[in-house]
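Enquirer: model this:
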Amino acid sequence: MKILNALVEQVRVRAGKLATDPRLRRAPSLPARFRRKFLSPRTPWDMDVRVPALLKGYPGIVRDPAGEAEAFAAGPLPDFMLANAGPLVWLRGFMWRSTLPAAPRRQRATALAQRVSDRPPSPATTVPADQLTTGLKELAAQIGLSGIGVAHYDEKYIFESFLGTEVGDRMIVCALEQAWAPTQKIPSSESEQTALSTYAEAMTLASAIGDYLVDHGYRVKVHDAAGPGMAIHFAVEAGLGQLGLNGQLLTPVGSRCRLILVNTNAPLVLDEPKDFGIPALCDACQVCVRRCPPGAIPVKRKFKRGVEKSSLNTKRCLPIVAQAHGCAICMKVCPVQRYGLQEVLNEFEATGEILGRGTDELEAYHWPIDGRTYGVGQKPRMSPELTSPSDMGDINLGRHDPERLSEREIEQARDWA
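Expert: The predicted model follows:
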């Protein structure tokens with residue numbers, strides 16, 4: 001048995017490393033009939049959400065500007081992926097069943113994004129900023145991006161290792177909805193592959209946005225899935241959603257979407273944060289808090305780096321993410337993800353109830369670690385072996401030590417998302 005376990009562990013580690021090999025971009029993708037179920041619906045969202053009066057609050061996120069400035073002065077935003085290169089490489093070994101099939105498309109999409117970013121701008125055009133912005137958003141709708149918005153580049157929300165690499169003062173946020181049906185199978189390798197496949201699609205579409213701006217004479221930097229900073233911050237500022245109690249961006253389809261950032265010096269018209277009624281809705285709901293297997297989601301928000309938010313217990317969350325096909329129970333049981341924001345808002349306005357709460361349709365999930373299905377009021381047992389695996393290494397919530405990381409570890413850590 002020890003020999004068999006050692007062989008399984010060796011296969012797991014090697015498969016995890018292979019999934020990040022850049023040479024995979026030359027490998028063929030799965031046949032179309034196998035990829036079809038993972039494809040995004042590519043339908044632009046209706047952002048004109050009608051929020052009931054009893055759920056109206058504030059646009060975007062509650063911020064303390066002085067607190068934000070003080071936090072940045074004390075130290076730039078640490079890059080979680082670099083600070084946790086070891087644990088994330090360990091995680092990759094568990095998730096190879098989903099990462100490996102999607103790797104060729106993701107590698108090609110990353111290479112395309114780099115080529116677009118490296119393109120020298122065409123001679124500058126005289127298109128006014130408002131027309132340039134309108135044309136950009138019309139293109140986004142034509143190619144199938146679910147949402148797009150423009151925010152101001154803010155160094156306070158850029159990871160330390162990316163500071164000084166910007167090409168302009170605008171950050172475009174490209175959002176792409178992922179397929180509904182496989183997402184409802186969370187947690188599974190199929191649902192995780194859906195997320196990774198959607199990232200590849202989103203990068204490809206974001207590259208088309210980049211080409212548009214380069215053709216008009218501007219510089220761009222199309223980022224990969226890991227991104228240069230907090231994508232949720234820029235998405236909120238761009239009016240694409242609000243921060244949910246589960247720590248995720250809730251859009252018209254909840255967090256069932258993937259975000260890609262494009263930095264540019266194009267003088268695009270800035271969008272503004274919106275009030276979607278999410279904070280009050282989340283406070284009334286709290287299904288994700290109850291259903292989180294390791295209990296990593298707090299009930300109350302607190303200020304962190306000048307922002308009022310729900311700070312997840314990463315040390316309890318990440319080990320389960322690795323061992324349970326990405327987990328994401330907090331995403332699956334969110335009624336906004338399953339039914340759509342407007343439907344949930346309408347139900348709350350009519351009845352005062354959260355659509356689906358207290359039903360197995362919304363709250364039940366199959367747990368891959370023990371093979372059981374857990375319905376309302378039931379949760380899998382969290383053993384010390386699951387929540388604190390001895391071979392994972394310590395999770396670091398601070399800054400990384402460059403002296404301790406090899407280039408390969410850095411590459412694998414930033415490519416895990």
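Enquirer: in the stretch 101-250 of the chain, which segments are predicted with low confidence?
Expert: Applying pLDDT under 70 to the stretch 101-250 of the chain flags no residue at all.
Enquirer: close enough to count as contact, Ala83 and Gly398?
Expert: Yes: contact criterion C-beta atoms under 8 Å: Ala83 and Gly398 qualify, at 6.3 Å. Glycine gets a C-beta too; all of them are placed from N, C-alpha and C.
Enquirer: And those two? Which one has more around it.
Expert: A direct count of neighbours by other C-beta atoms under 10 Å for Ala83 and Gly398 places Ala83 higher, at 21 against 9.
Enquirer: The residue nearest in space to the middle of the chain in helix, strand or coil?
Expert: Most central in the chain under C-alpha atoms, centre = their mean is Arg258, positioned 5.2 Å from the mean C-alpha point. When classified by DSSP: H, G, I helix; E, B strand; the rest coil, Arg258 comes out as strand.
Enquirer: surely Ala358 meets Val376?
Expert: Let me fix one detail, which is that residue 358 is Gly and not Ala. Yes: counting by C-beta under 8 Å, Val376 is a contact partner of Gly358 at 6.0 Å.
Enquirer: mind listing the strands for the stretch 51-200 of the chain?
Expert: Per DSSP state E, counting those that start in this stretch, the stretch 51-200 of the chain carries strands over the ranges 147-152, 170-177.
Enquirer: Read off the pLDDT value for Ala32.
Expert: For Ala32, the pLDDT comes out at 63.
Enquirer: Just to be sure, Asn396 is in a helix?
Expert: No: under three-state DSSP, Asn396 sits outside any helix and is assigned coil.
Enquirer: got a list of what it touches?
Expert: By C-beta atoms under 8 Å, 6 or more residues apart in numbering, the residues touching Asn396 are 83-84.
Enquirer: Looking at the strands of the stretch 51-200 of the chain, spot the one closest to Ala200.
Expert: strand 170-177 (9.9 Å; C-beta to C-beta).
Enquirer: tell me which residues in the closest one are buried?
Expert: Using 16 or more other C-beta atoms under 10 Å as the test for burial, strand 170-177 gives 170-177.
Enquirer: Which two of those have the greatest separation?
Expert: Largest pairwise distance in these, by C-beta to C-beta, is 23.4 Å, between Arg170 and Glu177.
Enquirer: Quick check: the gap between Ile232 and Met47.
Expert: According to C-beta to C-beta, to the nearest Å, Ile232 stands 17 Å off from Met47.
Enquirer: no, scratch that, I was asking about Lys274
Expert: Using C-beta to C-beta, Lys274 is found at 8 Å from Met47.
Enquirer: tell me, what's touching those two both at once?
Expert: Residues touching both Lys274 and Met47 (C-beta under 8 Å, 6+ apart) are Gly239.
Enquirer: quick one: which of the two has more around it?
Expert: Higher neighbour count among Lys274 and Met47: Lys274, with 21 against 16, using other C-beta under 10 Å.
Enquirer: Assumed that one was part of a helix.
Expert: No: counting by three-state DSSP, Lys274 is not part of a helix but coil.
Enquirer: That one is in contact with Tyr58, isn't it?
Expert: No: using C-beta under 8 Å, Lys274 is not in contact with Tyr58; the gap is 10.0 Å.
Enquirer: neighbours around Ala235, how many?
Expert: Residues lying near Ala235 (other C-beta under 10 Å) number 27.
Enquirer: Can you say which helix or strand has it in it?
Expert: Element membership of Ala235, judged by DSSP states H and E, is helix 231-237.
Enquirer: Can you tell me how far Pro279 is from Val236?
Expert: Pro279 sits 12 Å away from Val236, going by C-beta to C-beta.
Enquirer: Quick check: neighbours shared by these two?
Expert: Contacts common to Pro279 and Val236, judged by C-beta under 8 Å, 6+ apart, are 242-243.
Enquirer: higher neighbour count, these two?
Expert: Between Pro279 and Val236, Val236 has the larger neighbour count (other C-beta under 10 Å), namely 27 against 21.
Enquirer: ok now do the residue nearest to the more buried one when sequence neighbours are not counted, which residues does it touch?
Expert: In space, and not counting its chain neighbours, Val236 is closest to Gly60: 4.9 Å by C-beta to C-beta, 6 or more residues apart in numbering. Gly60 makes contact with 236-237, 242, 273-275 under the criterion C-beta under 8 Å, 6+ apart.
Enquirer: ok, Gly60 to Glu363 distance?
Expert: As for Gly60, its distance to Glu363 is 29 Å (criterion: C-beta to C-beta).
Enquirer: so what's Arg170 bridging to?
Expert: Beta-bridge partners of Arg170, counted by DSSP bridges, are His152, Thr264.
Enquirer: my guess is it contacts Thr264, does it?
Expert: Yes: Arg170 is within contact range of Thr264, at 5.1 Å (criterion: C-beta under 8 Å).
Enquirer: overlap in contacts of the two?
Expert: Common neighbours of Arg170 and Thr264 (C-beta under 8 Å, 6+ apart) do not exist.
Enquirer: can you pull the contacts of Cys257?
Expert: Residues in contact with Cys257 (C-beta under 8 Å, 6+ apart) are 146-147, 175-178, 198, 249, 251.
Enquirer: 7 Å instead, please
Expert: 146, 175-178, 251 (C-beta atoms under 7 Å, 6 or more residues apart in numbering).
Enquirer: partner residues bridging it?
Expert: Glu177.
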